[in-house]
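[1] Build me a model from this:
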Amino acid sequence: MTGTQPPPGHQSQSQSQSQTPPPTTAPITSPPSCRAHPWHPIPDAVLRSVYASDQAMYPVALPYARLRAWVDACPDLALCFFSPGQESDSGGPAAAAGAGAQVAGVVIVLPIRKGYWEDLLRGRLKEADIDSRTMFPENGGGGGTIGQGEEGPGKVEEVGLHVYHVERYDGSGLDFPGGETGGRLRFAELALREVVRRVQVRRDWRVVGISAITATPAGKRAFERLGFVLTGYRELFVVEGGGEESANGQDQVPQTRMVFQYPNDDENPVLAVDGAVISVTEMTVKYGNLPDLV
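    I've put the predicted structure just below:
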């Protein structure tokens with residue numbers, strides 16, 4: 001989920017959304033936090049590249065229509081970090097931005113109503129079953145630009161932020177300024193700081209924490225450095241069968257399935273798996289309020 005590692009595109013089977021919901025936030029008009037390498041909404045070509053890489057890496061694919069609906073519902077939190085004026089001849093996401101600009105990294109964060117977010121942390125709600133039409137917070141009572149929601153009793157909604165994807169692309173050749181001592185930030189920290197900056201101006205949300213699913217050692221280390229802790233929910237991808245003959249003499253086709261471990265489970269599911277574990281993802285969380293979450 002961080003560095004050069006994309007997050008899992010895993011999920012239980014779910015129906016794609018038939019309609020694209022309206023954005024929950026109007027586009028931000030303030031300048032990006034880093035003028036030299038500005039943040040911009042994620043282009044469709046880059047989003048499709050993210051989706052394709054997730055499908056290739058993880059055995060269960062998220063429907064693209066649902067990913068697209070998440071981004072359309074809250075485009076201000078689905079961002080590309082562009083390196084202007086650099087051509088890319090490597091193809092892939094970096095080239096998808098078009099001539100004269102290179103995509104150095106991507107972040108996609110989902111704002112989720114507190115009750116649904118807490119279910120996500122414990123595995124009662126699967127990541128791919130997040131429905132932006134009902135689980136994202138509504139726009140503020142002001143109904144206009146971000147940050148113009150009405151304040152007052154009943155107007156502020158508690159929200160958890162879920163990092164679906166954060167990735168720095170190899171070969172971008174960029175440093176990311178902004179460290180407290182004038183040094184350089186890791187891309188995951190830079191990306192989450194930009195998300196926090198954007199969310200902070202919302203008066204109709206009260207953020208209670210940030211979560212992320214990690215799937216690689218690099219991703220785990222990145223979120224540990226940021227103070228995230230495990231919730232106890234894990235997903236194991238298991239390949240069963242293959243290499244054996246069935247009763248009719250035909251080779252069995254390997255099957256991939258998911259095994260879930262929930263918080264406070266007494267049994268370690270790895271010990272009960274009949275097959276090869278090819279991937280393990282873990283839910284992590286950092287509780288707190290803005291701006292202290294990053």
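[2] only C-alpha atoms for contact and neighbour calcs from this point on.
    Will do.
[3] Give me the next element, helix or strand, following the least confident helix or strand in the chain by mean pLDDT.
    Ranked by mean pLDDT, DSSP states H and E, the weakest helix or strand in the chain is helix 92-96, scoring a mean of 47. Remark: after helix 92-96, the chain's next helix or strand is strand 101-113, criterion DSSP states H and E.
[4] what lines up beside that following strand in the sheet?
    Here strand 101-113 is paired, per DSSP bridges, with strand 78-84 (antiparallel), strand 157-168 (antiparallel).
[5] Ala69: which of the ones you listed is closest?
    strand 78-84 (11.3 Å; CA to CA).
[6] buried set for the closest one?
    Ala78, Leu79, Cys80, Phe81, Phe82, Ser83 (16 or more other CA atoms under 10 Å).
[7] that older thread, which one of the strands paired with strand 101-113 has the lowest average pLDDT?
    Ranked by mean pLDDT, the strands paired with strand 101-113 end with strand 78-84 at the bottom, a mean of 84.
[8] how about the CA coordinates for that one, as PDB?
    Backbone C-alpha positions of strand 78-84 (Å, rounded to 0.1, in the frame of the first residue of the first chain) are rendered in PDB as follows:
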ATOM      1  CA  ALA A  78      -8.200  10.500  -5.400                       C
ATOM      2  CA  LEU A  79      -5.000  12.200  -6.500                       C
ATOM      3  CA  CYS A  80      -2.000  12.000  -8.700                       C
ATOM      4  CA  PHE A  81       1.300  13.700  -7.800                       C
ATOM      5  CA  PHE A  82       2.600  15.100 -11.100                       C
ATOM      6  CA  SER A  83       6.200  15.900 -12.000                       C
ATOM      7  CA  PRO A  84       5.700  18.600 -14.600                       C
END
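[9] Look at Gly232 and give its secondary structure.
    Per DSSP: H, G, I helix; E, B strand; the rest coil, the secondary structure class of Gly232 is strand.
[10] May I have the secondary structure class of Tyr51?
    Classified using three-state DSSP, Tyr51 is helix.
[11] So which residues of the chain form strands?
    39-41, 78-84, 101-113, 157-168, 205-214, 229-240, 255-261, 276-287 (DSSP state E).
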